[in-house]
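Colleague: how would this look folded up:
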Amino acid sequence: MKTEPDQPAFPLERGMDHETATGMTLRQYYAGQAMQGLLSNPEMVGPRWLDDIGETALKVADLTIAALNEPSTEI
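Modeller: The predicted structure is shown next:
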């Protein structure tokens, strides 16, 4: 199955018509996880990094999604 950046991170079907609640995307979820890891590093927390940390987290998210779509990493 291909991983799409805009697919829901935690899809939830509810009701008889199977309406899906989407919430955040996988890209947003992976970026949040990357940002949490980056901010846990004391060297990353400071004025010179704060301007770039969001962009860096999104790059990590995009790389993660790309890696998940590599044939050798599919489960």
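Colleague: and the closest residue in space to residue 53 that isn't next to it in sequence, what does it touch?
Modeller: Of all residues not flanking residue 53 in the chain, residue 38 sits nearest, at 5.7 Å (CB to CB, 6 or more residues apart in numbering). For the C-beta atoms, the positions are set from N, CA and C on the backbone; glycine is no exception. The neighbours of residue 38, taking CB atoms under 8 Å, 6 or more residues apart in numbering as the test, are 44, 53, 56, 57, 60.
Colleague: just the CA coordinates for the helix or strand hosting residue 63, please, in CSV.
Modeller: Element membership for residue 63, per DSSP states H and E: helix 53-68. Only the C-alpha atoms of helix 53-68 are listed here, as CSV (Å, rounded to 0.1, in the frame of the first residue of the first chain):
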residue,chain,number,x,y,z
ILE,A,53,12.9,23.8,12.9
GLY,A,54,9.5,23.7,11.3
GLU,A,55,11.0,23.4,7.8
THR,A,56,13.4,20.8,9.0
ALA,A,57,10.6,18.8,10.6
LEU,A,58,8.6,18.9,7.4
LYS,A,59,11.7,17.7,5.4
VAL,A,60,12.0,14.7,7.9
ALA,A,61,8.3,14.0,7.4
ASP,A,62,8.7,14.0,3.6
LEU,A,63,11.7,11.8,3.8
THR,A,64,9.9,9.3,6.1
ILE,A,65,7.0,9.1,3.7
ALA,A,66,9.4,8.6,0.7
ALA,A,67,11.2,5.8,2.6
LEU,A,68,7.9,4.1,3.4
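Colleague: the helix or strand encompassing residue 32 - what's its average pLDDT?
Modeller: According to DSSP H and E, residue 32 maps onto helix 26-39. Mean pLDDT, helix 26-39: 92.
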